[in-house]
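J.: what's the 3D shape of this:
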Amino acid sequence: MSMRVHLQRFARDHLLQALLALVLALAIFDPRTPREYLRWLDLPTLAGLCGLLILTQGVQASGHVQRFALQLVARLHDARALAFVLVVLSAVLATVLTNDVALFLVVPLTLAIDHIARIPRQRLVIFEALAVNAGSTFSPIGNPQNLLLWQHSGLGFFGYIAALAPTGTVLLIVLLIACGFAFPATPLHFDETAVAHAPTDTPLALGSALLLAAMVAALQFNFAIPAALIVIAIGLVFFRRVLARVDWLLLATFAAMFTGLGHLAALPAVQAHASTLAWHDPRVTYAGGIVLSQIISNVPAAVLLQHYAGNLTLLAAAVNVGGAGLMIGSLANLIALRLDGSRGIGWRFHAWSIPYLVVTAMIAWFVVLR
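T.: Below is the predicted model of the structure:
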């Protein structure tokens, strides 16, 4: 991807612009030591995100996931079955490939299917956005907030999975029940000649999968930075085209988010107001994580509230639930709607997402704190 393309994307990326402005403003009006900025930047978490972005891009570029999904949906017979498959596929991919990457695989697939069969495309994209948020809840590497909070929770990989599994189960089961009502069992009529087999790169798929497993192990044993450097070095030698297609602006967004909100949380005025809330009370942590996610998105909410919440797994449950509701609740929502690009999808998203948030927030509360 050329520098010109990156600059064009930066010009349209208002979230990154706002975060960089916050970082600059705080640096001017409340200058701190370089050591504090490095602590806020959270290099281990950022390195983990970098390695995961590169390797999931390699899996995507291999074409194997797309080919498997196309062959699968070509065998389905009605819109409801297609919806269940795409929702489950989105959730599963988000568990192993992160929620954003899952959308970059599934939403283009949905748009391609829309060209060869009449489907309720907007509704499918909306449910896919909700599905990746649900699926990513099950995994410490499924989304940025989980990766961040896992790194600071002191839990092992499988311990963190066990802690978040009840919340993820609620999110996914409610969504699957909603699928049964949202999609009719109308027949699908495919144009068989229009289903082209995507080209595949098996060595790239195998190499990326093996390195992805190694990256997860490195995160488990606190070797994120050297592991990320090794992944970058291997990429420079063997798959430069994958490195060129990585969303580096997304990584820059996380870096600005960690630094800016870490600095914001350290301001004396913010600490004075935040400390007045009873964060030891699970109800405050849970409600605060959900509400703040609706205002600044769940990743920044996790970055900010980790400094105050004592129970990080409860906070993780809250911000994962808070990924639904308003579209800003999760960056994945914004990505899905942007990939679809059709008019009116924002209003339709909220018509499904807000009731979904209300129902799942209530059920998850009783499940998590049973």
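
J.: Counting neighbours, show which residues of stretch 233-248 come out buried.
T.: Buried residues in stretch 233-248, defined by neighbour count with 16 or more other CB atoms under 10 Å: 234-235, 239, 242-243, 246-248. For glycine as for every other residue, the C-beta is placed from the backbone atoms N, C-alpha and C.

J.: And the furthest pair within the residues you listed?
T.: Farthest-apart pair in the buried residues of stretch 233-248 is 234 and 247; separation 19.0 Å (CB to CB).

J.: Quick check: which element contains the residue lying closest to residue 279 once chain neighbours are set aside?
T.: In space, and not counting its chain neighbours, residue 279 is closest to residue 308: 4.7 Å by CB to CB, 6 or more residues apart in numbering. Counting by DSSP states H and E, no helix or strand carries residue 308.

J.: Would you confirm that residue 261 contacts residue 306?
T.: No: with contact defined as CB atoms under 8 Å, residue 261 and residue 306 do not form a contacting pair (9.7 Å).

J.: between those two, who's got more neighbours?
T.: Using other CB atoms under 10 Å as the criterion, residue 261 and residue 306 rank with residue 261 on top: 25 against 22.

J.: Residue 228 reaches residue 50, doesn't it?
T.: Yes: between residue 228 and residue 50 there is a contact at 4.9 Å, judged by CB under 8 Å.

J.: Tell me the pLDDT of the residue most central in space within the chain.
T.: Of all residues in the chain, the one closest to the mean position by CA atoms, centre = their mean is residue 99, 3.5 Å from it. Per-residue confidence (pLDDT) for residue 99: 89.

J.: distance of it from residue 84?
T.: Counting by CB to CB, to the nearest Å, the separation of residue 99 from residue 84 is 19 Å.

J.: hey, where'd the helices end up in the stretch 101-250 of the chain?
T.: Under the criterion DSSP state H, counting those that start in this stretch, the stretch 101-250 of the chain contains helices at 121-136, 144-153, 157-182, 202-220, 224-238, 240-245, 248-266.

J.: so can I have a markdown table of the ones you listed showing distance to residue 365 and mean pLDDT?
T.: Output for the helices of the stretch 101-250 of the chain, formatted as a markdown table (distance: least, CB to CB, whole Å; pLDDT from 0 to 100):
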| stretch | distance to residue 365 | mean pLDDT |
| --- | --- | --- |
| helix 121-136 | 16 | 96 |
| helix 144-153 | 18 | 89 |
| helix 157-182 | 9 | 95 |
| helix 202-220 | 29 | 87 |
| helix 224-238 | 33 | 93 |
| helix 240-245 | 41 | 88 |
| helix 248-266 | 25 | 85 |
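
J.: For stretch 91-101, buried residues please.
T.: Across stretch 91-101, burial judged by 16+ other CB under 10 Å covers 91, 93-101.

J.: Which element, helix or strand, includes residue 76?
T.: Per DSSP H and E, there is no helix or strand for residue 76.

J.: So it sits against residue 85, correct?
T.: Yes: using CB under 8 Å, residue 76 is in contact with residue 85, at 6.3 Å.

J.: Those two: which has the busier surroundings?
T.: The neighbour comparison of residue 76 against residue 85 (other CB under 10 Å) goes to residue 76, with 19 against 15.

J.: Out of the helices of the stretch 101-250 of the chain, which one sits most buried?
T.: Among those, helix 121-136 has the highest mean neighbour count (mean count of other CB atoms under 10 Å), at a mean of 28.
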